[in-house]
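Novice: From the sequence below, what's the structure:
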Amino acid sequence: MRKKLKPVPTFLESLDELIAKHHLLKHPFYRAWTDGKLSRESLALYAEQYYQHVRAFPDNLKQLGSRTNGNLGKLVQENLSEELDPITPHPLLWRQFAESLGVSEAALDDARPLPGIAALLDSFDEISNHGTTAQAVAAFYAYEAQIPEIATQKIAGLRRFYGITEPRALAYFGVHEEADIRHRAAWREWLASQKNIDTVSVMCAAERSLKALWGALDAVYPQGCSKN
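Specialist: Sure thing, here's the model as predicted:
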């Protein structure tokens, strides 16, 4: 009896498999966070360094938005409006989280990026500015697709193991638990609507962003470095 062939994955199925392979919750840093095994010093270093990506992300959206229109332009603008909400801009919410760990305003503003953080900033900047629109959307999707589940685990770990329970300290993660469910659905829907997409280049851009995100965690938690 001839063995039944496994269906060839669609582009989006392949993209989701790639995200699952490199999912940040598999990284030793987040595993240590969810198990309460991170030192507060490691958390503070992460808060200081990763802030640079949080601060740059609205600019990445602007870079893509400046060369898009129609439905994609609207999608980018909606995402950007949430990032830069006049009352609770997301970089400010991150600063409140950092403050709960004793990271000073000066440390956030003056920190020099570690190599892995610099590579993350460069990757998103280059893809946002010079990648095709599909490459940029895939990079944003690969990032935001992971955030709701990560945010949930972060909140639980901070409450349970680190005594961080104040709403203002957890607000950044609480916002992203909900917002990025909508964002990832919007990015995915746009990708699904595209015809004749260069799937190879788009998958490469997504993989680059995923590896850059992984490398950023390696930078702040070198003792947990592993190949992915």
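Novice: Just the element for the residue nearest the centre of the chain, please.
Specialist: Nearest to the geometric centre of the chain sits Tyr143, at 3.8 Å (C-alpha atoms, centre = their mean). Here Tyr143, judged by DSSP states H and E, is contained in helix 133-144.
Novice: tell me what that helix is packed against?
Specialist: Here helix 133-144 touches helix 11-21, helix 40-65, helix 70-83, helix 115-130, helix 167-193, helix 199-220, going by 3 or more C-beta pairs under 8 Å, 6 or more residues apart in numbering; DSSP states H and E. Quick note: C-beta positions are derived from backbone N, CA and C, even for glycine.
Novice: in the chain, what spans have low per-residue confidence?
Specialist: Low-confidence segments of the chain, defined by pLDDT under 70: 1-6, 8, 224-228.
Novice: switch to 50 and redo it
Specialist: The chain contains residues with pLDDT under 50 at 227-228.
Novice: got the contact list for the residue lying closest to Ala145 once chain neighbours are set aside?
Specialist: Among residues not flanking Ala145 along the chain, Arg184 sits closest, at 4.3 Å (C-beta to C-beta, 6 or more residues apart in numbering). For Arg184, the contact set (C-beta atoms under 8 Å, 6 or more residues apart in numbering) comprises Tyr141, Glu144, Ala145, Ile147, Pro148.
Novice: looking at these, which has the most residues close by?
Specialist: Tallying neighbours with other C-beta atoms under 10 Å puts Tyr141 at the head of those, with 26 neighbours.
Novice: quick one: it and Ala185 touch, right?
Specialist: No - Tyr141 lies out of contact with Ala185 (C-beta atoms under 8 Å); the separation is 9.6 Å.
Novice: and the residue nearest to Phe173 when sequence neighbours are not counted, what helix or strand is that in?
Specialist: Excluding its sequence neighbours, the residue lying closest to Phe173 (C-beta to C-beta, 6+ apart) is Ala151, at 4.1 Å. Assessed by DSSP H and E, Ala151 sits inside helix 147-162.
Novice: can you list contacts of that helix?
Specialist: Residues from elsewhere that reach helix 147-162 (C-beta under 8 Å, 6+ apart): 24-25, 30, 33-36, 40, 43, 164-165, 169-170, 173-174, 176-178, 180-181, 184.
Novice: What's the PyMOL line that selects buried ones from those?
Specialist: Applying 16 or more other C-beta atoms under 10 Å to the contacts of helix 147-162, the buried members can be selected in PyMOL as follows:
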select buried, resi 24+30+33+34+43+164+169+170+173+176+177+180+184
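Novice: one step back: kindly reformat the helices and strands packed on helix 133-144 as CSV and extend each row with distance to His90.
Specialist: Compiled in CSV, the helices and strands packed on helix 133-144 are given as follows (distance: least, C-beta to C-beta, whole Å):
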stretch, distance to His90
helix 11-21, 22
helix 40-65, 6
helix 70-83, 5
helix 115-130, 15
helix 167-193, 6
helix 199-220, 17
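Novice: right, so of those, which gets closest to Leu101?
Specialist: Comparing those against Leu101 with C-beta to C-beta, the closest turns out to be helix 40-65 (4.4 Å).
Novice: Return the list of helices and strands in contact with the closest one.
Specialist: Other helices and strands packing on helix 40-65, by 3+ C-beta pairs under 8 Å, 6+ apart, are helix 28-34, helix 70-83, helix 90-100, helix 105-110, helix 115-130, helix 133-144, helix 199-220.
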